[in-house]
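Only the shape, not the letters, is given here:
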């Protein structure tokens, strides 16, 4: 099992940073804005689901929220679309939102049974978090 952890300071209070993560319209502004056909669905409640999908790029991710503590913490499963086989375990992603001066320190911890330290997960999360950090 491996975990990668990435943090960024966001120039927004925790409530706004949290909403940027769970509101589909706000999520679209920073997650994959360079993939214009991307669709965003998010039902941020325990047992609710999310899906981010870019048909043109051939990528997507989906999962289920396990814990939702607005505006402090999210815990959800992570499964790349197309990997929905019964024997593929879901990864877990925890996102925390901590007050940091006038902004928020957002931390992502992605845990997988796979060795995600050698793939593109670190780079992918870094790019996504950099775009989040640029929101106001």
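Received it, and whenever you're ready, just let me know what you need. Please read these numbers as outputs of a predicted model, since none were measured by experiment.

This protein: helices as residue ranges?
14-22, 24-28, 121-133 (DSSP state H).

ok, and the closest non-adjacent residue to residue 99?
Distance criterion C-beta to C-beta, 6 or more residues apart in numbering; nearest residue to residue 99, sequence neighbours excluded, is residue 14 at 5.7 Å. Yep, even glycine has a C-beta here, placed from its N, CA and C like the rest.

One more: residue 129?
Per C-beta to C-beta, 6+ apart, closest to residue 129 is residue 8, 4.4 Å.

Equivalent analysis for residue 42, please.
In space, residue 42 is closest to residue 50, 4.4 Å off (C-beta to C-beta, 6+ apart).

Pull the number of nearby residues for the one you found.
Counted with other C-beta atoms under 10 Å, the neighbours of residue 50 add up to 22.

ok, so what distance separates it from residue 27?
9 Å (C-beta to C-beta, to the nearest Å).

what touches both of those two?
residue 42 (C-beta atoms under 8 Å, 6 or more residues apart in numbering).

hang on, the earlier thing: any idea how many residues pack against the residue nearest to residue 129?
Neighbours of residue 8 (other C-beta under 10 Å): 20.

For residue 23, which residues are in contact?
residue 42 are the contacts of residue 23 under C-beta under 8 Å, 6+ apart.

May I have the phi/psi pair for residue 33?
phi -70, psi -20 (degrees, to the nearest 10).

do you know how far it is from residue 134?
10 Å.

Ok, residue 73 next?
22 Å.

Show me which of these two is the more surrounded one.
A count of neighbours by other C-beta under 10 Å puts residue 73 above the other of residue 73 and residue 134, at 15 against 12.

Quick check: beta-bridge partners of the more buried one?
residue 69, residue 96 (DSSP bridges).

can you tell me which residues contact the closest residue to residue 18 other than its chain neighbours?
Once flanking residues are discounted, residue 18 sits nearest to residue 71: 3.6 Å by C-beta to C-beta, 6+ apart. Shown in contact with residue 71 (C-beta under 8 Å, 6+ apart): 14-15, 17-19, 97.
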